[in-house]
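> coordinates only, no sequence provided:
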RNA sequence: GUGGGUGUAGCUCAGCUGGUUAGAGUACCAGAUUGUGGCUCUGGGGGUCGUGGGUUCAAGUCCCAUCAUCCACCCCA
């Protein structure tokens, strides 16, 4: 038996409809907020992610699916969406169109991680980006859009954390302050954080190890070192959120794992789905466009994980609409009836009615049984007795009543009964 | 990459301290006076007990390895 690769999933039958439900609501939302869809390749040159995501991040250091193609080029299956969208923005010269550029995307992402609850090697993200504006209102608009997406899905009890991680200038200052703060406690930090002191002291702030948490309780946070510009931006983001009554939680310790974030960072968690509780997150990335070769251009965006949203919806017992049942099943008792059923199906299907028949030569009884299981509204029975009189029996499976209709007019009559 | 739990029919699981042809429920298929679903009853197909070694007269059951899966660390969606 060949099985699916580790950390991947087949989405089958009824599950597909759940996915489509989520995708559909997101599409509608994007239209209302005036975001336009982009579809970028699933693989890119490795360099894009090294430069975009940051080569000291876990994603680039140990989680990428990277290989050499037959031409010897280093290719990587995308681990996230933003770098690709920004690359497409530059590649297609979208900077010379209407500004700002508001885009959304949907698709599979790949990270070589150990799977666990809510974490997969191939997972799916929906995301939105605004490129070309530094207005704090765009940050707030994206957060508002994200929150209204969850609300439309029926999710509740979510926690929105926001923070400002500053710009390279404030970050340099914070880095020094943190190093000064933690160095005296060096020996009591976990071994991971001991290494972080030099490379990325910000990460110590959200270390989950108790000792590090205790030591870091009074450490300076990103919010203590914001420059005037960043401080001002953060205040305005909060003002905009207040203006439209979006509750948030300020978390100066939230440090996101992608290097490109500047100023605003945010994350939405559904605590009950397990350790991997983030169901959406994002932030501003004013340096990203430049770092992958464009002119200095501000940007902000978010991504959300479809698998985790489904987990949260299951956890909160939110009913997801089911796939519409079949309209009509055509049962028959002999060759002639079966053959008529085949052509009658073509007629009704082309009038917008869904229909099916037996293809296994089953008895009428088992065809009825099968029809019952499809949940169809009507069964048309084409039997020898009826056909010899030019009629067909039509049974309404919802109330069990059965009538006879003339074969010539049957498709029109079915439409009437179904009210379509 | 590290740690722990679990691997028996399509699915959910039994299988006591190792002992004859491995079970149940559910799903699927068929039948219950030869043309009618849902309920009930009867029957049927379907498992090299994850895989490979080992211990033993004998292994689904014990030991080792390996793979997969789940959960957690880490990180993130």
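Perfect, thanks for sending it. Given the structure is predicted, the values throughout are model-derived calculations rather than measurements. Residues are numbered from 1 along each chain as shown, chains lettered A, B, ... in the order given.
> tell me how many other residues surround residue A:335.
By other Cβ atoms under 10 Å, 9 other residues sit near residue A:335. In this view, the C-beta of every residue, glycine as well, is placed from N, C-alpha and C.
> actually, residue A:324.
9.
> spell out which residues of the stretch 151-300 of chain A are next to RNA strand B.
A:192, A:203, A:206-209, A:255-258, A:267, A:274-282 (Cβ under 7 Å from any atom of the strand).
> quick check, residue A:138 in contact with residue A:129.
No - contact between residue A:138 and residue A:129 fails when scored by Cβ atoms under 8 Å: they sit 9.9 Å apart.
> overlap in contacts, the two.
Counting by Cβ atoms under 8 Å, 6 or more residues apart in numbering, the residues touching both residue A:138 and residue A:129 are residue A:300.
> between these two, which is the more surrounded one?
Here residue A:138 and residue A:129 are compared on neighbour count by other Cβ under 10 Å; more neighbours surround residue A:129, at 27 against 24.
> in which helix or strand would I find that one?
Following DSSP states H and E, one finds residue A:129 within strand A:122-131.
> ok, residue A:303 next?
Going by DSSP H and E, residue A:303 is in strand A:299-305.
> likewise residue A:414?
helix A:410-418.
> touching RNA strand B at all, that helix?
No - in terms of Cβ under 7 Å from any atom of the strand, no part of helix A:410-418 sits within range of RNA strand B; the closest distance is 13.9 Å.
> domain ranges for chain A?
Residue ranges for the domains of chain A, per automatic domain parsing: A:14-167+A:227-315, A:328-415.
> just those: most buried one?
Per-stretch averages of neighbours, counted by mean count of other Cβ atoms under 10 Å, single out domain A:14-167+A:227-315 among those, with a mean of 18.
> what sits against the residue of the stretch 251-400 of chain A at minimum distance from RNA strand B?
Here the stretch 251-400 of chain A gets closest to RNA strand B at one residue, residue A:257, 0.4 Å apart by Cβ to the nearest atom of the strand. Taking Cβ under 8 Å, 6+ apart as the contact definition, residue A:257 lies against A:57, A:58, A:59.
> from these, which are also near RNA strand B?
A:57, A:58, A:59.
> will you turn those into TSV that also has pLDDT?
Putting these into TSV (pLDDT from 0 to 100) gives the following:
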residue	pLDDT
A:57	83
A:58	85
A:59	88
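> relative to RNA strand B, which of these is nearest.
Nearest to RNA strand B among these, with distances taken as Cβ to the nearest atom of the strand, is residue A:58, at 3.9 Å.
> got phi/psi on that closest one?
Main-chain torsions, residue A:58, degrees, to the nearest 10: phi -60, psi -40.
> that one and residue A:67, how far apart?
19 Å (Cβ to Cβ, to the nearest Å).
> what does the helix or strand where residue A:149 lies contact?
Element membership for residue A:149, per DSSP H and E: helix A:136-153. Helix A:136-153 has contacts (Cβ under 8 Å, 6+ apart) with A:22, A:25-26, A:29, A:33, A:100, A:128, A:130, A:158, A:160, A:162, A:233-234, A:236-237, A:239-241, A:244, A:246, A:248, A:263-264, A:266, A:268, A:279-280, A:282, A:284, A:300-302, A:304, A:309, A:313, A:318.
> got the angle between that helix and strand A:122-131?
140 degrees (axes from the mean of the first three to the mean of the last three Cα atoms, to 10 degrees).
> which secondary structure elements does the helix or strand following helix A:136-153 sit against?
Once the chain leaves helix A:136-153, the next helix or strand it forms, by DSSP H and E, is strand A:159-164. Helices and strands touching strand A:159-164, by 3 or more Cβ pairs under 8 Å, 6 or more residues apart in numbering; DSSP states H and E, are helix A:136-153, helix A:228-243, strand A:249-250, strand A:262-269.
> go again using 6 Å as the cut-off
With contacts taken as 3 or more Cβ pairs under 6 Å, 6 or more residues apart in numbering; DSSP states H and E, strand A:159-164 sits against strand A:262-269.
> quickly run through the sheet partners of the strand it packs on, with directions.
With DSSP bridges as the test, strand A:262-269 is paired with strand A:159-164 (antiparallel), strand A:278-284 (antiparallel).
> and the last one, what's its mean pLDDT?
Confidence for strand A:278-284, expressed as mean pLDDT, is 95.
> which residues does that strand contact?
With contacts defined as Cβ atoms under 6 Å, 6 or more residues apart in numbering, strand A:278-284 is touched by A:146, A:261-265, A:267-270, A:300-302, A:304, A:308-309, A:312.
> what's the first helix or strand after that strand?
helix A:288-291.
> okay, residue A:179: pLDDT?
With respect to pLDDT, residue A:179 has a value of 87.
> so how far is residue A:196 from it?
10 Å.
> tell me which of those two has more neighbours.
residue A:196 (20 against 13).
> chain center to the helix or strand containing that one, what's the gap?
Under the criterion of DSSP H and E, residue A:196 resides in helix A:191-199. Centroid separation for helix A:191-199 versus its chain: 33 Å, with Cα atoms, centre = their mean, to the nearest Å.
> list of residues touching the lowest-mean-pLDDT helix or strand in chain A?
Sorting the helices and strands of chain A by mean pLDDT, DSSP states H and E puts helix A:191-199 at the bottom, at a mean of 76. Helix A:191-199 is touched from outside by A:179, A:182, A:203, A:204, A:207, A:212, with contacts defined as Cβ under 6 Å, 6+ apart.
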